[in-house]
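*Asks:* take a look and give me a structure for this.
(one chain, ligands or ions: 1)
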Amino acid sequence: MKTSLVTGGSGFIGSHLVESLLERGDRVVVVDDLSTGKAANLDAVRDHPQLEWVEGTIEDELLVNRLVDQADEVYHLAAAVGVALIAKQPIQTIERNVYPTQLILNRLGQRVKAGADVLCFLASTSEVYGKNPKPFWSEEDDLVFGSTTKARWSYGVSKAIDEFLALAFYREHRLKVVVGRFFNVVGPRQTGAYGMVLPRFVEAALAGKALTVHDDGHQERCFAHVNDVTGAVIDLVANDDCMGRVFNIGSDQPISILNLAKRVQARVNPSSAIEFQSYADAYDADFEDIRRRVPDLSRIHQAIGYRPTYDLDAIIDAVAAAYR
Ligand code: UDP
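*Replies:* All right, here's what the predicted structure looks like:
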């Protein structure tokens, strides 16, 4: 039986991935420090005989070594979460994103040297493109970050370091690793507590409160259902040709945040209002947003035939149903 280690497996995306890996028949080991994850996210599989759940931090080298040594595949999803939290806690963001990744890759590299056949998925983010002005972002594009005086960029920069490390381990140590850049993943179990827009809109609408749109609401994003994303992760890891490469994962159908608010309002609660808030009030005076973020999905489509299957209305309905 294959053993898969999922770091951050009690988080929003991690918990969905854990369920899919169990369904596939894997033995799954989850490690999570419950900093932003929730034990309840794994309620549906809590008593599964092939699930082992470890509460702990992957800043602990001994723990990392013990867990990585048992694994045939490592899905490294544990990371700092949410622009709002990241802007407030840049030290923690950088520490959480860089040091554990290095520990995991080091141990995997040692195992490869010793002859082990192990695979690794590194979860990265569309934040690595920074504020690249191109209308569609493809994997070979430049990373365009703002100044170091703006804490937001510490997230993208620290995940970019993770990517550099992973690709270096592939080249220098022949570690089979694939990098996935997630673009605005949404779905059941995502919390609005760390600032994410869709759960916040749905929660507000269900409570009959106003949906708060930042700035003029013309900033654009593409929202992907978590099931599409975890399916892509599993397919990438299963494909030897994907090793040592970077892939965008998400949806490529943009919508403005104001139109998203209108869609949620129409589908969830037409009597809820929409109000506007400045970035300075929502985050801080220095906050810099990304105006448009749309992935080019041609690489992942060519590699594994990936196409998102959930449209936005289905996603909104799924999120609202989960809250209800
Ligand atoms: N946003 C908003 N209202 C909210 C939360 C977020 O208008 O209650 C905006 C936010 O300023 C950004 C977009 O929605 O322009 C997406 O924010 P999110 O934090 O979900 O993800 P990001 O794309 O910034 O990583």
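*Asks:* please make it C-alpha for all contacts and neighbour counts, starting now.
*Replies:* OK.
*Asks:* what's the top helix by length along the chain packed up against?
*Replies:* Criterion DSSP state H: the longest helix present in the chain is helix 90-113. Using 3 or more CA pairs under 8 Å, 6 or more residues apart in numbering; DSSP states H and E, the elements in contact with helix 90-113 are helix 61-70, helix 153-173.
*Asks:* and those, which is most packed in?
*Replies:* helix 153-173 (a mean of 20; mean count of other CA atoms under 10 Å).
*Asks:* got the angle between that helix and helix 90-113?
*Replies:* With axes from the mean of the first three to the mean of the last three CA atoms, to 10 degrees as the basis, helix 153-173 and helix 90-113 are set at 10 degrees to each other.
*Asks:* how far off centre is helix 153-173?
*Replies:* 15 Å (CA atoms, centre = their mean, to the nearest Å).
*Asks:* stretch 232-240 now?
*Replies:* Distance, centroid of stretch 232-240 to centroid of chain: 16 Å (CA atoms, centre = their mean).
*Asks:* show me what counts as buried in it.
*Replies:* 232, 233, 234, 236, 237 (16 or more other CA atoms under 10 Å).
*Asks:* so can I have JSON lines of those showing pLDDT, distance to the ligand and secondary structure?
*Replies:* Shown next, in JSON lines, are the buried residues of stretch 232-240 (pLDDT from 0 to 100; distance: CA to the nearest ligand atom, whole Å; DSSP: H, G, I helix; E, B strand; the rest coil):
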{"residue": "232", "pLDDT": "98", "distance to the ligand": "20", "secondary structure": "helix"}
{"residue": "233", "pLDDT": "98", "distance to the ligand": "20", "secondary structure": "helix"}
{"residue": "234", "pLDDT": "98", "distance to the ligand": "23", "secondary structure": "helix"}
{"residue": "236", "pLDDT": "98", "distance to the ligand": "23", "secondary structure": "helix"}
{"residue": "237", "pLDDT": "98", "distance to the ligand": "25", "secondary structure": "helix"}
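*Asks:* any chance of these in a markdown table, with distance to residue 97 too?
*Replies:* Shown next, in a markdown table, are the buried residues of stretch 232-240 (distance: CA to CA, whole Å):
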| residue | distance to residue 97 |
| --- | --- |
| 232 | 22 |
| 233 | 19 |
| 234 | 22 |
| 236 | 22 |
| 237 | 21 |
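*Asks:* show me which of these is closest to residue 154.
*Replies:* residue 233 (24.7 Å; CA to CA).
*Asks:* who touches that closest one in this structure?
*Replies:* Neighbouring residues of residue 233 by CA atoms under 8 Å, 6 or more residues apart in numbering: 121, 180.
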